[in-house]
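Participant: The amino acid sequence is not available; the structure is as follows:
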């Protein structure tokens, strides 16, 4: 009945005007308590479910969402998030949705703060945040709460920030899973190299830190005698710089044949191994970016763990759309699948499948 009922019918049943029913359905002011009680009684009796899509289209309001994310290369995990977000914007263009990008330098607190301040100054309807460290991020998400601006978190789940929603992997379980898969082929090894991309001695995100915690937890439980040798690689280094670091490392650690990284840059090691002709070493990493896939097909990367970056970008915009435009409830925590890719199945991975 809710699909056939007209506002005029509701008004007649409640004994009020059509305008009064319209204001109540769309939660507008200037309705007397007595009239509201009559209309709500009728709505409950007929189990009225408004067509929020039609209402949003008729309202003809425009909405601006900001995506706050790190500057990135064209071959990167972040690019897929960006592409997913822009495709979601295009899919909702009839509702006058605009998604704007705001970039900051990764692991640079001042750059993150400046970019976030610019976002807030533009008074958006919603924000998608790829966070910096938790204290810096909280300073600005607290402002969003004060301004009643909903925000979605990607990459790192920080429940203390109280986001509208989160999209990403369970980082601890992902790292635990990565260790388990790696040790299927490295169980006889005495040493494993853990490659970290760092800036000022710190890894780039809490997500990577949590993955490492999960990885080490598995290793300490099941392979306590296997030594984990850390190798820090500075973010933004040129190829010859990385080659120099890796050449020195492997010349000093000839007994290391398996490596892992918790970020999307496994191809830094993978490409070096291919160029140097080193065929008895492999690395495991994250994200099905093209450079990683090519290294895996050529044998220098053993496994990749996919985390559906495109889906995260698309879903974050769609979540803001549902919550703000359609005023629908949304799921607060959305963990992405932890999927293992090898050279045999990588060509069948559809990164843009929603």
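Facilitator: Yep, it's here. Because the structure is predicted, anything quoted here is derived from the model rather than measured.
Participant: Please count neighbours and contacts with C-alpha atoms only from this point.
Facilitator: Noted.
Participant: quick one: the nearest residue to residue 299 once chain neighbours are set aside and residue 254, what's the gap?
Facilitator: For residue 299, ignoring the flanking residues on the chain, the nearest one in space by Cα to Cα, 6 or more residues apart in numbering is residue 282 at 7.5 Å. Here residue 282 is placed at a distance of 13 Å from residue 254 (Cα to Cα, to the nearest Å).
Participant: between these two, who's got more neighbours?
Facilitator: Taking other Cα atoms under 10 Å, residue 282 and residue 254 do not tie; residue 282 has more neighbours (22 against 10).
Participant: hang on, isn't that one packed against residue 302?
Facilitator: Yes: checked against Cα atoms under 8 Å, the pair residue 282 and residue 302 is within contact range at 5.9 Å.
Participant: Could you list the single helix or strand in this protein with the lowest mean pLDDT?
Facilitator: Of all regular secondary-structure elements in the chain, judged by mean pLDDT, DSSP states H and E, the least confident is helix 52-59 with a mean of 58.
Participant: And the helices in the stretch 1-150 of the chain, which stretches?
Facilitator: In the stretch 1-150 of the chain, the helices defined using DSSP state H, counting those that start in this stretch lie at 7-14, 18-25, 33-46, 52-59, 77-91, 109-121, 134-146.
Participant: residues in contact with residue 211?
Facilitator: The contact partners of residue 211, by Cα atoms under 8 Å, 6 or more residues apart in numbering, come to 171, 172, 173, 174, 175, 176, 262.
Participant: and the nearest residue to the fifth one once chain neighbours are set aside, how far is that from residue 170?
Facilitator: In other words, residue 175. Distances taken as Cα to Cα, 6+ apart put residue 211 closest to residue 175, at 4.0 Å, once the chain neighbours are dropped. To residue 170, residue 211 is 9 Å away according to Cα to Cα.
Participant: Likewise for residue 315?
Facilitator: From residue 315 across to residue 170, the span is 17 Å (Cα to Cα).
Participant: what two of the contacts of residue 211 are the furthest from one another?
Facilitator: Spanning the widest gap among the contacts of residue 211 are 173 and 262, at 12.4 Å by Cα to Cα.
Participant: Show me which of those two is the more surrounded one.
Facilitator: For the pair residue 173 and residue 262, the greater number of neighbours falls to residue 262 (27 against 18), based on other Cα under 10 Å.
Participant: Pretty sure residue 340 sits in a helix.
Facilitator: No: with DSSP: H, G, I helix; E, B strand; the rest coil as the criterion, residue 340 is located in strand rather than a helix.
Participant: And it, how far from residue 191?
Facilitator: 23 Å.
Participant: Kindly report the same for residue 8.
Facilitator: The gap separating residue 8 from residue 191 is 76 Å, by Cα to Cα.
Participant: which of these two has more neighbours?
Facilitator: More neighbours surround residue 191 than the other of residue 8 and residue 191, with 19 against 15 (other Cα under 10 Å).
Participant: Kindly tell me how buried the residue nearest to that one when sequence neighbours are not counted is, as a neighbour count.
Facilitator: Counting by Cα to Cα, 6+ apart, residue 227 is the residue found nearest to residue 191 once chain neighbours are left out, at 4.6 Å. Residue 227 has 14 neighbours, counted by other Cα under 10 Å.
Participant: remind me which residues of the stretch 1-150 of the chain are low pLDDT?
Facilitator: Across the stretch 1-150 of the chain, the ranges flagged by pLDDT under 70 are 1-4, 26, 49-60, 74-75.
Participant: The same query, at a cut-off of 80, please.
Facilitator: 1-6, 22, 25-28, 46-60, 73-76, 107 (pLDDT under 80).
Participant: And the stretch 251-354 of the chain, by the same measure?
Facilitator: The low-confidence ranges in the stretch 251-354 of the chain, as defined by pLDDT under 80, are 350-354.
Participant: quick one: terminal-to-terminal distance for stretch 163-173?
Facilitator: 21 Å.
Participant: next one: it to chain centre, how far?
Facilitator: 8 Å (Cα atoms, centre = their mean, to the nearest Å).
Participant: ok, residues contacting it?
Facilitator: With contacts defined as Cα under 8 Å, 6+ apart, stretch 163-173 is touched by 150-157, 207-208, 210-215, 307, 312, 315-316, 319, 330-338.
Participant: rerun that using 7 Å as the cut-off
Facilitator: Contact partners of stretch 163-173, identified using Cα atoms under 7 Å, 6 or more residues apart in numbering, comprise 150-157, 207, 210-211, 213-214, 307, 312, 331-338.
Participant: Leaving aside the residues adjacent along the chain, what's closest to residue 346?
Facilitator: Counting by Cα to Cα, 6+ apart, residue 346 lies nearest to residue 293, which is 7.0 Å off, once chain neighbours are set aside.
Participant: what's the helix or strand containing that neighbour packed up against?
Facilitator: For residue 293, the enclosing helix or strand under DSSP states H and E is helix 290-298. Contact analysis of helix 290-298 by 3 or more Cα pairs under 7 Å, 6 or more residues apart in numbering; DSSP states H and E lists helix 266-276 as its packing neighbours.
Participant: Mind checking what helix or strand follows the helix it packs on in sequence?
Facilitator: Following helix 266-276 toward the C-terminus (DSSP H and E): strand 282-286.
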